[in-house]
Each structure stands twice: as structure tokens, then as C-alpha cells.
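[1] predicted model follows, preceded by the sequence.
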Amino acid sequence: MTSRRAQYPPWPCPVPVSIDDEAGTTWQIRRAWPERTPGEYVLEVLTPGQPGVRGAHLRQGHFDLVPLDDPGLPALRTEALRGEVVSYMPYKRAVIRTDEGYVKIFPAGSAGAAAERCAQMDILLDAGNFATPRILRRRSPDVIVFSAIPGPTLNELGENGATTGDGLFAAMWEEWSRAWVAQVGGSYGRAAQGVLDSLPLRSAEVEATRLQRCVHRWLRQNKSAREMSPHRRTMRAWAEEITTNLLRTPPDPVVWSHGDLHNRQIIATNSSTPLGLLDFDATVRAEAALDLAKLDVRLELDLRQDRTTPARYLTAHTQVLAVAEELHVSPARFHAYSDAIWLRLAASPLPARWSVALAVLKDPAQHEEAGSSATLRA
């Protein structure tokens with residue numbers, strides 16, 4: 001596609017890597033979500049010397065921390081005293097690590113839906129292919145306490161500097177491969193099939209709508225900046241082409257989908273316990289390509305950001321492709337979903353994400369060589 005190979009001016013950075021508050025404390029920005037008003041973002045931040053993460057606003061360049069009295073999460077202040085806040089989207093959700101396990105905080109009264117999803121997953125994953133967190137208690141209509149699954153994530157095993165041997169790393173990915181094929185491609189009993197049939201459908205049309213909404217938010221955030229004019233044209237062109245690719249080829253069969261699969265959601269347990277699988281908030285019915293493309297994109301993102309080695313990337317990437325083949329995933333569907341995920345990353349306000357996504361989208365020839373992409377960093 002010639003538009004991707006064209007040369008573009010530098011892409012402006014809406015959100016910095018770090019920022020100082022009024023007291024002079026430097027906060028590293030881990031995640032960012034655009035607000036409705038252009039130039040305004042909600043952030044997840046952290047600073048050395050202070051445990052856990054905080055929420056913040058960045059509004060027209062002005063930085064403010066979100067108080068722990070979050071009006072969208074009324075249980076946060078009390079629950080934060082019990083442990084360390086490890087994940088926080090202001091006004092939406094938070095996760096706190098404690099000695100007992102993990103505490104998930106939801107908007108007022110909405111923990112019931114999450115508890116129901118967990119009960120559904122107990123039925124759907126009853127074959128024992130994966131270990132999943134158990135609900136220890138519901139502390140309130142806003143709070144659920146989950147058990148912890150001991151062990152490092154597959155992401156941690158693959159990080160640069162990890163002491164895990166290559167053999168064990170490969171064995172964990174082979175175990176994931178077998179378990180994923182068994183779970184997604186296996187047959188279900190009546191109860192499990194009933195759960196599957198009740199899940200929301202995330203079809204290609206739904207994915208295309210989500211993609212268009214993401215690009216629209218990006219365009220709204222950058223609508224008034226004159227220097228962004230060529231980039232706006234580029235984003236529109238990519239959105240049109242990738243949406244067409246999602247919708248023009250016949251979809252693969254619909255199966256159970258985790259909905260947010262990446263290597264930080266998979267836990268390497270001991271040899272007597274199945275691999276752990278976390279976070280079913282986004283579970284749906286979808287094409288198998290959705291989960292596999294999302295997992296594969298995250299692996300390539302880690303490689304391109306020098307968070308893993310080419311050899312370990314290739315080990316994991318090879319297993320993802322093997323699973324795709326076992327589940328009869330159409331290559332066209334895999335690439336269509338991959339491109340959609342990369343475009344959403346290109347719309348991220350975080351430079352570490354959009355800069356990599358732009359490199360992939362502008363140079364598809366290099367991206368298509370990812371099957372042997374130890375060469376990317378070799």
C-alpha cells in the first residue's frame with residue numbers, strides 16, 4: 001500500500017513520558033486516555049520512592065493528581081489502605097495488591113456484573129486448561145477480593161535481563177499453545193455451551209465500529225492543530241483501508257474469546273498446576289483471530305521497544321502462529337485484526353506506543369517479515 005510507505009513529518013507528542021507536579025516531583029506516565037475536550041487526558045502515573053500508581057489529569061499542559069476520594073470509585077480511599085494500587089483508570093476501575101490477593105474496585109454498585117462473569121468462566125473453563133482467580137469475598141457492591149495465582153507472567157519470563165532459561169521459557173509457551181487450542185477449539189458440555197451462547201458478540205462489524213470510534217477520538221483531539229493536517233489525512237486513510245479489510249473477507253467461525261489477551265495475563269505456575277489466566281472483564285464471542293492478533297501485536301511491541309530479546313520474541317511468536325494454524329484461523333483475518341490493533345495503538349497519546357505503531361503501519365513489508373523478525377533487532 002503506497003500510502004503507508006510515503007514519508008511523513010514527525011508526529012507530535014500530545015502526552016510526555018514524564019511530567020513534574022507543582023512540588024517538583026517527577027511522575028512517569030504509564031497510561032493515558034483522551035477526554036472529550038481536545039488537549040485533555042486522564043493518566044495513570046507513578047513516581048520513584050512511592051508505592052503504587054496514582055491517577056492524574058493533563059489539561060492543556062497543566063498536570064494535577066486525582067485525589068483518592070475518586071467520585072467514580074467511592075471505595076478506593078478505604079481499600080487503598082489495605083495494599084498497593086497496581087492498576088488505576090480514574091473514575092472507572094482500580095486493582096489493589098494485598099497479602100490476601102487482589103482487590104478490584106468498580107463504580108458504585110457494579111461489582112455484580114464482574115462476579116457474574118467470573119461464575120460464567122468457572123463453567124466455561126471447567127475443563128482445567130487454565131487456572132483462574134477465585135472470588136474470596138464481595139466486600140461491598142463495589143468491591144471484589146480475588147485470590148492470587150502465584151508465579152511470574154509470561155511477559156516477566158521474556159523480559160530483557162530475566163534469568164529464566166530459554167528451555168523453560170519455550171516450555172511455558174508450548175504449554176500455553178496446547179491449553180489455548182484445547183480451550184478454544186474443544187467441545188463444550190451443555191452448561192458451558194449455554195454460557196458461551198450468552199456472551200456478547202464482538203464481530204468484525206463491532207471491531208470496525210470500535211476502531212472508527214478510536215480514530216474519531218484521535219481526530220477530535222487533534223482537529224485544531226495545523227501541523228497535524230497531513231497526519232489527520234493519514235489516519236483517515238488507514239482507518240478506511242483497515243475497516244475495509246476487516247469487512248471484505250468472510251469471517252472465521254465465532255469461538256470463546258478472552259477479549260484482552262496479552263502475555264501479562266498468562267501466569268507461569270508450577271508443573272502440577274495449569275497456567276494461570278487473568279481478567280475476564282472483556283470476555284466475548286469472537287473470531288479466534290481477535291485474541292491471537294492482540295497477543296502477537298503485544299509481543300512485537302515488546303520486541304520493538306527492546307523489552308525482550310529477538311530469540312524469545314520468535315519463540316512466543318512461533319507458538320501464536322502455530323495456534324492460529326491449529327484453530328484454522330484465516331491469514332487474512334489474522335492480518336486484518338492485527339492491522340486494526342496497530343491502528344488503535346497509533347491513536348494512543350503515549351509516544352512509546354504510537355511511534356512503534358506508525359513504524360509498522362508505514363512499512364508493512366518490514367512488518368510482514370515479523371515471522372523471522374529476530375532480524376528487527378539483530
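    Noted; the coordinates are in hand. Treat the numbers as computed from the prediction; the structure is a model and nothing was measured.
[2] for the stretch 201-350 of the chain, what are the low-confidence residue spans?
    In the prediction, the stretch 201-350 of the chain carries residues with pLDDT under 70 at positions 227.
[3] show me the strands in it, by range?
    All strands of the stretch 201-350 of the chain, identified by DSSP state E, counting those that start in this stretch, fall at 254-257, 266-267, 276-277, 284-287.
[4] among those strands, which comes closest to residue 245?
    For residue 245, the closest of the strands of the stretch 201-350 of the chain is strand 284-287, at 13.4 Å, according to Cβ to Cβ. Where you see a C-beta, it was placed from the backbone N, CA and C, and this is true even at glycine.
[5] what is that closest one packed up against?
    Of the remaining helices and strands, those touching strand 284-287 by 3 or more Cβ pairs under 8 Å, 6 or more residues apart in numbering; DSSP states H and E are strand 254-257.
[6] and among the strands of the stretch 201-350 of the chain, the most buried is which?
    Of the strands of the stretch 201-350 of the chain, the one with the most neighbours on average (mean count of other Cβ atoms under 10 Å) is strand 266-267, at a mean of 24.
[7] quick check: residue 251 touching residue 204?
    Yes: look at residue 251 against residue 204 with Cβ atoms under 8 Å: they come within range, at 5.4 Å.
[8] which stretches of the stretch 251-378 of the chain form helices?
    Ranges of helices in the stretch 251-378 of the chain, per DSSP state H, counting those that start in this stretch, are 288-304, 310-326, 331-346, 351-362, 364-368.
[9] ok now the fourth one, how far from the chain's centre?
    What that stands for is helix 351-362. Distance, stretch centre to chain centre, for helix 351-362: 16 Å (Cα atoms, centre = their mean, to the nearest Å).
[10] quick check: which of the helices of the stretch 251-378 of the chain is nearest to residue 219?
    Between the helices of the stretch 251-378 of the chain, helix 331-346 lies closest to residue 219; by Cβ to Cβ that is 12.1 Å.
[11] ok and that closest one relative to helix 288-304, angle-wise?
    50 degrees (axes from the mean of the first three to the mean of the last three Cα atoms, to 10 degrees).
[12] what are the buried residues along helix 331-346?
    333-346 (16 or more other Cβ atoms under 10 Å).
[13] go on, stretch 295-309?
    Result for stretch 295-309 [16+ other Cβ under 10 Å]: buried residues 295-304, 307-309.
[14] what does stretch 17-25 give?
    Neighbour counts over stretch 17-25 (16+ other Cβ under 10 Å) mark residue 19 as buried.
[15] so what touches that stretch?
    Outside stretch 17-25, the residues that touch it by Cβ atoms under 8 Å, 6 or more residues apart in numbering are 26-29, 45, 47, 58, 63-65, 351-352.
[16] select, out of the helices of the stretch 251-378 of the chain, the one closest to residue 158.
    Nearest to residue 158, of all the helices of the stretch 251-378 of the chain, is helix 310-326, at 4.5 Å by Cβ to Cβ.
[17] of residue 251 and residue 204, which one has the most company?
    Using other Cβ atoms under 10 Å as the criterion, residue 251 and residue 204 rank with residue 204 on top: 24 against 16.
[18] wait, doesn't residue 145 sit right on residue 139?
    Yes: counting by Cβ under 8 Å, residue 145 touches residue 139, with 6.1 Å between them.
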